[in-house]
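below: sequence and its predicted model.
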Amino acid sequence: PLYMQAILLANASGLNQELVDISGEAMGIYPDSIDIRFFRGIGLYEEEEYQALLDNFEGISMDGFSSEEYGSQSTMLLAEAYYRLDDYEKSDSIFEELIKKEPNNYMVLNNYSYYLAERGEKLEEAKQWSKKAIDNNPDNATFLDTYAWVLYRNGEYEEAEKYILLAMDKGGENDPEVNEHAGDIQLALNSLEMARAYYQKAIMVGGDREKLESKIIKLGE
């Protein structure tokens with residue numbers, strides 16, 4: 001109980017390295033507690049230790065956690081880790097199995113749709129999944145941004161503009177990625193000054209300055 005209390009406190013406080021350290025120590029004493037592995041997985045993901053995350057869950061049954069939610073989140077962490085290690089085949093397979101098992105897991109629908117849009121793959125499926133996420137979460141700026149990005153990657157620029165503006169209206173106006181996406185959409189619509197304004201805003205709110213300034217220079221060219 002003391003270890004779990006410390007683990008839960010570290011997790012709630014966002015002390016990710018402490019979460020990794022405490023849960024790792026606890027696993028040495030209680031190696032059969034897969035709930036401890038779940039929280040260690042969260043810490044490893046937040047610390048971007050993706051291979052260690054995969055090792056953490058190796059050989060573990062996702063049905064053995066004390067909570068179904070832990071199993072679901074652990075499976076999603078595996079998919080995310082494989083994606084960040086560029087193993088798209090394994091990542092896609094896990095995401096699609098999760099969607100079959102949990103068709104109303106809107107975070108899974110959103111994240112997988114965004115990753116497919118980034119790669120320009122399965123865009124019609126991504127569009128359907130992302131649309132389902134926003135239909136059930138109409139005030140979620142992140143989900144709206146994803147749908148706008150899927151539409152943009154599908155060449156539906158006017159619809160993309162509609163949803164990126166909704167994303168801003170629902171709280172994404174100071175998100176650097178939302179502003180960068182808005183700039184890309186305006187560029188596709190040949191609204192160069194609007195694109196410039198969004199790129200500049202993205203820099204102001206903490207976006208990747210080098211990449212954004214490169215986009216602004218290309219506008220001038």
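On my side now, so go ahead. This structure is a prediction, so every number in the text was calculated from the model and none was measured.

the residue lying closest to Y152 once chain neighbours are set aside: what's it in contact with?
Nearest-residue entry for Y152: A160, 4.1 Å, with adjacent residues in sequence omitted and distances by CB to CB, 6 or more residues apart in numbering. C-beta coordinates here come from the backbone N, C-alpha and C atoms, glycine included. For A160, the contacting residues are A148, W149, L151, Y152, I185, A188, taking CB atoms under 8 Å, 6 or more residues apart in numbering as the criterion.

list only buried entries from those residues.
If you count burial by 16 or more other CB atoms under 10 Å, the buried members of the contacts of A160 come out as A148, W149, L151, Y152, I185, A188.

want to try a markdown table for those residues, with distance to I94 and pLDDT as columns?
Below are the buried ones among the contacts of A160 laid out as a markdown table (distance: CB to CB, whole Å; pLDDT from 0 to 100):
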| residue | distance to I94 | pLDDT |
| --- | --- | --- |
| A148 | 25 | 98 |
| W149 | 22 | 98 |
| L151 | 25 | 98 |
| Y152 | 26 | 98 |
| I185 | 30 | 98 |
| A188 | 32 | 97 |
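
could you export these as a markdown table, including distance to G120?
Supplementary listing: those in a markdown table, determined by distance: CB to CB, whole Å:
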| residue | distance to G120 |
| --- | --- |
| A148 | 15 |
| W149 | 11 |
| L151 | 13 |
| Y152 | 11 |
| I185 | 16 |
| A188 | 14 |
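
how about the helix ranked longest in the chain: buried residues?
The helix spanning the most residues in the chain, taking DSSP state H as the definition, is helix 68-84. When burial is assessed from 16+ other CB under 10 Å, helix 68-84 yields the following buried residues: 70-83.

make CSV out of those and add distance to R37 and pLDDT.
CSV is the format used below for these (distance: CB to CB, whole Å; pLDDT from 0 to 100):
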residue, distance to R37, pLDDT
Y70, 9, 94
G71, 11, 94
S72, 14, 94
Q73, 12, 95
S74, 8, 96
T75, 13, 96
M76, 15, 97
L77, 11, 97
L78, 12, 97
A79, 16, 97
E80, 16, 97
A81, 14, 97
Y82, 17, 98
Y83, 20, 97
